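> heads up, no residue letters with this:
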C-alpha cells in the first residue's frame, strides 16, 4: 500500500486527479506519508498543485526565510466552504443512522465518552 501511495504522490500518478480529490485521498491515507525527504517532497508537490489551481498562495516567512507559508485564496475558501456545506448535509442525512449503528455495537451501559454510566 505504501508503494502505491508513493507512486501516486511522488511519481505523479495522482496528477491526473482533480486537486481536491488528490488532497482528499492523501488526507485519507496520510499515515502512509514517508518520513524525511520523500515525505517533504510529497507535501511540496501537493502544495504546488494547490498553488497551480489557485486554491492557496505561497509566501516566504519574513522571520525565517527557510519556511514557506501557505494561505487560502478566495477560490480556495469557496471550495472549502462548499465542501463543508456538503459534509454537513451528508452528516445530517447519514448521522442518525450512524448513531443507531454505533449504539448497537457499544457495550450496554457505556456512554458516548466510553466511560461506564454512573449508577
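Ah, there it is. Since the model is a prediction, treat every value here as computed from it, not as a measurement. Numbering: from 1, shown residues only.

> domains in this protein, as residue ranges please.
Domain assignment of the chain by automatic domain parsing yields the ranges 1-72, 74-107.

> ok, of those, where does mean pLDDT dip lowest?
Sorting these by mean pLDDT places domain 74-107 lowest, at a mean of 86.

> Please identify the deepest-packed of the domains of the chain.
Comparing those by mean neighbour count (mean count of other C-beta atoms under 10 Å), domain 1-72 comes out on top with a mean of 13. Any C-beta I mention is one placed from the backbone N, CA and C, and that applies to glycine too.

> For the residue nearest the centre of the chain, give me its contacts.
Nearest to the geometric centre of the chain sits residue 27, at 3.3 Å (C-alpha atoms, centre = their mean). For residue 27, no residue meets the contact criterion (C-beta atoms under 8 Å, 6 or more residues apart in numbering).

> The helix or strand it falls within: what's the following helix or strand?
Using DSSP states H and E, residue 27 sits in helix 19-28. Under the assignment DSSP H and E, the closest C-terminal helix or strand after helix 19-28 is helix 37-52.

> helices and strands around that next one, which ones?
Under the contact definition 3 or more C-beta pairs under 8 Å, 6 or more residues apart in numbering; DSSP states H and E, helix 37-52 sits against helix 2-9, helix 19-28, strand 56-60, strand 68-72.
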